[in-house]
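K.L.:
predicted model, plus sequence, below.
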Amino acid sequence: MHSQTFDDIKQKDIFVRKGEMRRILIINGPNLNMLGTRQPEIYGRETLADIENACRNKAAGLGVEIECFQSNGEGEIVTAIQRARGKFDAIVINPAAYSHTSVAIMDALLAYDGTVIEVHLSNIHRRDEFRRLSYVSKAADGVICGLGKQGYLLAVEAAASLIDRE
Ligand code: DQA
């Protein structure tokens, strides 16, 4: 066996780090902390904690680590995305109303180096016209909408399998 070159070591290091990581960050935007009581006819009766717990169970079954973050502030979401670089292999994000307005969140996601899956509880294409445009979709590898909590679980599953393919 030849002695290891710098490239061999670099390759090994990348491989080991990849093997260790498999981490997904779940980000929920404004007003999603109100789930359960907020327009339940549209968003259902489950709370954000219910959804996050279901995602944790799903992730545990897939052998993936997840962290959950919710904020009503655009800047805080941008900062969370910036900090995810190098720490999380994928981001699952429901940017809520910021989907339709935030160039800043779209730009932060475009600068992020991992997989991005966008989720919406409701079918944004069946509602008000202004909800049909999501700036965030321009930075997403995949988009799931209209499936309620199930959409988050599918997003975690998709993110985990996309990470494995990398
Ligand atoms: C939402 C859809 C958005 O249009 C809305 O502003 C939300 C939630 C959804 O999950 O269906 O707050 O992202």
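P.N.:
Good, I have the coordinates.
K.L.:
same question for the helix or strand harbouring Ala104: list its buried residues.
P.N.:
Element membership for Ala104, per DSSP states H and E: helix 103-111. Judged by neighbour count using 16 or more other C-beta atoms under 10 Å, the buried positions of helix 103-111 are Ile105, Met106, Ala108, Leu109. Just so you know, the C-beta spots here come from the backbone N, C-alpha and C atoms, and that holds for glycine as well.
K.L.:
correct me, but the first one touches Glu74?
P.N.:
Yes. Ile105 is in contact with Glu74 according to C-beta atoms under 8 Å; the separation is 6.6 Å.
K.L.:
what is in contact with the two at once?
P.N.:
Counting by C-beta atoms under 8 Å, 6 or more residues apart in numbering, the shared contacts of Ile105 and Glu74 are Tyr98.
K.L.:
if we can go back for a sec, take the buried residues of helix 103-111 and write them to JSON lines, including pLDDT and distance to Glu118.
P.N.:
Formatted as JSON lines, the buried residues of helix 103-111 follow (pLDDT from 0 to 100; distance: C-beta to C-beta, whole Å):
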{"residue": "Ile105", "pLDDT": "98", "distance to Glu118": "10"}
{"residue": "Met106", "pLDDT": "98", "distance to Glu118": "10"}
{"residue": "Ala108", "pLDDT": "98", "distance to Glu118": "13"}
{"residue": "Leu109", "pLDDT": "98", "distance to Glu118": "9"}
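K.L.:
list just the nearest of those to the ligand.
P.N.:
Nearest to the ligand among the buried residues of helix 103-111: Ile105, at 12.1 Å, using C-beta to the nearest ligand atom.
K.L.:
quick one, what contacts that closest one?
P.N.:
By C-beta under 8 Å, 6+ apart, the neighbours of Ile105 are Glu74, Ile77, Val78, Ile81, Pro95, Tyr98, Tyr135, Val136.
K.L.:
one more pass at 7 Å, please.
P.N.:
Residues near Ile105 by C-beta atoms under 7 Å, 6 or more residues apart in numbering: Glu74, Ile77, Val78, Pro95, Tyr98, Val136.
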